[in-house]
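Asker: here is my input, please return the structure:
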Amino acid sequence: MTDLPKLLKSHYLQTLRSTSPAQWKVLVTDSVSRDLLLSPLKQSEVLEEKITEIQAIEDQGRQPTSFEAVYFLLPTTQNVERVIRDFDGQTMYKGAHVYFLDVLPKSLENRIMSSPLTPFLLNLGDLSTNLNALESRAFTTAQPSAFSSFYGPGSTLALADIEVGFIVKGLLNLFVLLNIAPQIRYQTPAIPLGPFSSAAPDPSSSSSSGLSLRRAGVGGWREAFKGGSSTSSSDGVCRRVAIALQRELDAFHASNPDFGKPPASSHHLHHHHSTQPPLLLITERALDTALPLLHEFTYQSLALSELPKELIKRSASGHAPPAFAYRSSAKSQTGGPGLKQHPLDEKDAVWAKIRHLHMRDAIEEVAKLTREAEEMGRGFEEGQGLDGLRSMLAGLTDFQEIKERAFVHTTLSDACMAQVNERQLIEVADVEQCCVTGVTPEGKTPRTLVEQMVPLLDRMNIRQYDKVRIIALYIMHKDGVTDEDRRRLYQHARLAPAEQDAVDNLVHLGVKISRNDPRQEKWKKQKYRGVTPENSYDTARYVPVLKTCLQELLTARLDPSAFPALAHPFAPSPGAPSLSPNPAPAHPSSLRSSRSGGLTSGAVPSPSSSPSPTPSSQGSLRSARPTWASASRGGSGSGSASGSMGRAAGPGPGAVPDRKALLAEKDRQKVVVFVCGGMTYGEMRSAYEVAEASGKDVLIGSTHTIVPEEYVKSLQNLARGSALGGGTAANAPYKFAPTSTALNRPDPYANRERLTAPPPPPPSEEEQAVERERSFLDAYDRKYWTEDIAPPPPPPQLQTTPPPAAVQTGKASKLGKSESVPSLGGLSAKEEKKLRKEKEKAEGKKKKWF
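Answerer: Here you go, the predicted structure:
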């Protein structure tokens, strides 16, 4: 199975080891690249690869050294100018190995090759590592603004296409790392949404992500869009991503003919190729509008979605995993319980094992771990003699680790259950599950939803955000309500105008809100096709739409009209040798030996031979009401069954790989699903469940992860728009320059009137290509702009002034010679005399002057 953090880690280490392996070097990064590098790697692991130190390229106080420098940077104009400045005039380093985490645009490559950097340039390459690997199977492209760009009523096609460009860059990086060229299927929207609602099928004015100018044909992009329906509804975000990505894959294959072919060596750990072709399914957030509003009761969803920000800490960049803030049982240096943060990632074996379990099952597993820690503690107390002391010392590290993890997860699960009980989420979930599934736990049509819902809306102890979620799900269930009924629901819940906007703005995602609006009359409610597994909890009956689509895709039942396929442009022949996608050349003359050559002719969607999906029936449901909310975590019995929970699983460092396991891994088909506009933790869990059930290697990605509260805030601000790359006003992790920094031009997206002004006469194809690349590079510069760090001020200089002449009163001094008085610097003689007298008085001395 693919492990994205390990894949990125090995790629970084391989690059460092192959770059002047016999010499010590300095690693130079920008702030974003540093976060990406230190996400899968520890700083100590980087320094072990003959790296003397890691420097920030923003630091203007760096001093020249005699070492070579390895640059890990994002290809912004600002960073390129910084590297050139290091070798313009006084050289900062002996030589430069420059690696960019994305494909370097041709204009910046020309700037480098015509600069003073060229004589010192030893390597120039693309790492293709600009991915935020959240988990072994989940990644994002760090685009929180994509949601408002794709669905905001004030968004434009230019903004949306730039977001498409960032998505294409991220997916291209993933497939270059995996060395696969997938077959692409994409979702077609039933209703044209956002800027695509008025988009013409002819994309001559749209961006193909602006990744490169070198393309095989100028008409490929136009012809690709003409391959489908001529209506604007087929020109959604998924289709644009699919076509732009296919053209970039074509271009990369044109310059790297062995791309997508299995490697010559069968011992490579990350490039095993299956006999089944890899697949990519591109969907959007509008596919499942209910899931982000639903209260889920898995351990991960409750912890990361429902706990307050004081307990769950997230980094501003999003590259570090979320951490649980708690008070440790161990005493700090001050004597009290210490404040700690525990990262909730797969390095914690307990979290990796129980994160997808329902809360009741997770509590039972945590209780087992607690009993195991207690039994180990009693074993240490009962140990006697030298043998007992030896065994105690040998197991002390494991005991401390298990004890700390048991305490962390006991505290975390208690916090989750406190939220469930305090906010009465069990009663809320009963209403929500009936709304989203359309049936009661007994499998019948719900008849008393209003009677259950209205008392919840009237309660003062239920949060307003929870009431917004209930009302939105109820309106989806009813396929729209009258304006009067909606007003009454808002009145019962006492929603503020901004909270009402969160419900009303769902119309921009294709949700029918009002039955009085003639524009929404033809909108049809999406039929729920999920099959609830047997023995499911009543609070977990809903099956995400994405999981259903994945299951239908892998069983050839996915509707080809709703999810058409692009024709695969090249079929890799099995058994052919493969070259590394990004080799490290030895001389500057061959620095760009593996590049994305540009855009080739677009692929035309071809009809699929897959049959229409078979309607699925509702599975059996548990009729018993949930009683786990007050379940005790106590109990007796041996904890030996959970003995492995506190230790890392997997073979040791010296273990030999099982040949059968390697062959089984080689036969696994790779399936990637990407959600444009944000994914939930429930959809991430679905990827793991489908992978385990089908035996496929399933990966899931998105522009960003969303939690219910942030999703509601995004809906509130949807009509207001957001800064490109910065998310909504409530979630803006990026800082932008007031102008396009390196280009020194006004920000073209700061003035919305410029975007909405009538377009000038259409330029030629070549001019359009130049403008696309310039616009995308402009947006790329703004997204990854970082502020320079000024050098530290020089240390203060001590003023050395000559001693003042002795005070002459016509008589000799007591010592018979003039006294030299130390100067206090910067003070007048009168002030010096006053300070001196005060000092003498404090010391109890009396001095007379003659």
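
Asker: and His295, what does it touch?
Answerer: Glu306, Leu425, Val428, Ala429, Glu432, Asp466, Arg469, Thr539, Pro708 (CB atoms under 8 Å, 6 or more residues apart in numbering). Every C-beta, even on glycine, is put in place using the N, C-alpha and C of the backbone.

Asker: remind me which helix or strand the third one belongs to.
Answerer: In this structure, Val428 is located in helix 425-437 according to DSSP states H and E.

Asker: the following helix or strand past that helix vs helix 425-437, what angle?
Answerer: Going down the chain from helix 425-437, the next helix or strand is helix 449-458, by DSSP H and E. Relative orientation of helix 449-458 and helix 425-437, computed by axes from the mean of the first three to the mean of the last three CA atoms, to 10 degrees: 140 degrees.

Asker: other residues contacting helix 449-458?
Answerer: 424, 427-428, 430-431, 434-435, 462, 467, 470-471, 474, 477, 489, 492-493.

Asker: who are the packing partners of the helix or strand just after that helix?
Answerer: Downstream of helix 449-458, the next assigned helix or strand under DSSP H and E is helix 464-477. Helices and strands touching helix 464-477, by 3 or more CB pairs under 8 Å, 6 or more residues apart in numbering; DSSP states H and E, are helix 425-437, helix 449-458, helix 483-493, helix 497-504, helix 708-716.

Asker: in helix 464-477, which residues are buried?
Answerer: By 16 or more other CB atoms under 10 Å, the buried positions in helix 464-477 come out as 465-477.

Asker: and for stretch 785-796?
Answerer: In stretch 785-796, counting by 16+ other CB under 10 Å, buried: Trp785, Thr786.

Asker: and it, average pLDDT?
Answerer: When pLDDT is averaged over stretch 785-796, the result is 86.

Asker: export that stretch as PDB, just CAs?
Answerer: Output in PDB follows, covering the C-alpha atoms of stretch 785-796 (Å, rounded to 0.1, in the frame of the first residue of the first chain):
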ATOM      1  CA  TRP A 785       4.900  35.200  -1.000                       C
ATOM      2  CA  THR A 786       7.000  35.300   2.100                       C
ATOM      3  CA  GLU A 787       8.400  38.300   4.000                       C
ATOM      4  CA  ASP A 788      12.100  39.000   4.200                       C
ATOM      5  CA  ILE A 789      13.800  38.800   7.500                       C
ATOM      6  CA  ALA A 790      15.900  41.800   8.200                       C
ATOM      7  CA  PRO A 791      19.400  41.200   9.500                       C
ATOM      8  CA  PRO A 792      19.900  41.700  13.300                       C
ATOM      9  CA  PRO A 793      21.000  45.100  14.300                       C
ATOM     10  CA  PRO A 794      24.700  45.500  15.200                       C
ATOM     11  CA  PRO A 795      25.600  45.200  18.900                       C
ATOM     12  CA  PRO A 796      25.800  48.600  20.700                       C
END
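
Asker: where does the chain dip in pLDDT?
Answerer: Residues of the chain meeting the criterion pLDDT under 70: 198-234, 263-274, 329-337, 377, 379-398, 568-666, 721-760, 798-828, 843-850.

Asker: quick one: Ala362 is in a strand?
Answerer: No: counting by DSSP: H, G, I helix; E, B strand; the rest coil, Ala362 is not part of a strand but helix.

Asker: show me what contacts Ile513?
Answerer: Counting by CB under 8 Å, 6+ apart, Ile513 has contacts Ile475, Gly480, Val481, Arg486, Val503, Asp504, Leu506, Val507, Gln520.

Asker: next one: His11
Answerer: Contacts of His11 by CB under 8 Å, 6+ apart are Leu127, Thr129, Leu177.

Asker: turn those residues into JSON lines, including distance to Gly682.
Answerer: Listed next are the contacts of His11 as JSON lines, based on distance: CB to CB, whole Å:
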{"residue": "Leu127", "distance to Gly682": "32"}
{"residue": "Thr129", "distance to Gly682": "28"}
{"residue": "Leu177", "distance to Gly682": "26"}
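
Asker: show me where the stretch 101-250 of the chain has helices.
Answerer: 106-113, 146-151, 157-178, 220-226, 237-255 (DSSP state H, counting those that start in this stretch).

Asker: just say which of those is most tucked in.
Answerer: helix 146-151 (a mean of 29; mean count of other CB atoms under 10 Å).

Asker: which residues touch stretch 79-86?
Answerer: So stretch 79-86 is contacted by 30, 57-58, 69, 71, 73, 92-93, 96, 98, 108, 111-112, 115-117, 742 (CB under 8 Å, 6+ apart).

Asker: 7 Å instead, please
Answerer: Outside stretch 79-86, the residues that touch it by CB atoms under 7 Å, 6 or more residues apart in numbering are 30, 57, 71, 73, 92-93, 96, 98, 108, 111-112, 115-117, 742.

Asker: list the buried residues of that stretch.
Answerer: Asn79, Val80, Arg82, Val83, Ile84, Asp86.

Asker: now tabulate the helices of the stretch 101-250 of the chain in CSV and tack on distance to Leu36.
Answerer: As requested, the helices of the stretch 101-250 of the chain are arranged in CSV below (distance: least, CB to CB, whole Å):
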stretch, distance to Leu36
helix 106-113, 19
helix 146-151, 19
helix 157-178, 11
helix 220-226, 30
helix 237-255, 21
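
Asker: pull the CA atoms of stretch 59-66 into CSV?
Answerer: Provided in CSV are the C-alpha atoms of stretch 59-66 (Å, rounded to 0.1, in the frame of the first residue of the first chain):
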residue,chain,number,x,y,z
ASP,A,59,17.1,35.8,6.2
GLN,A,60,19.1,38.7,4.8
GLY,A,61,21.6,38.3,7.6
ARG,A,62,23.1,35.0,6.2
GLN,A,63,26.9,35.1,6.1
PRO,A,64,29.1,33.7,3.2
THR,A,65,30.4,30.2,3.7
SER,A,66,32.8,27.9,1.9
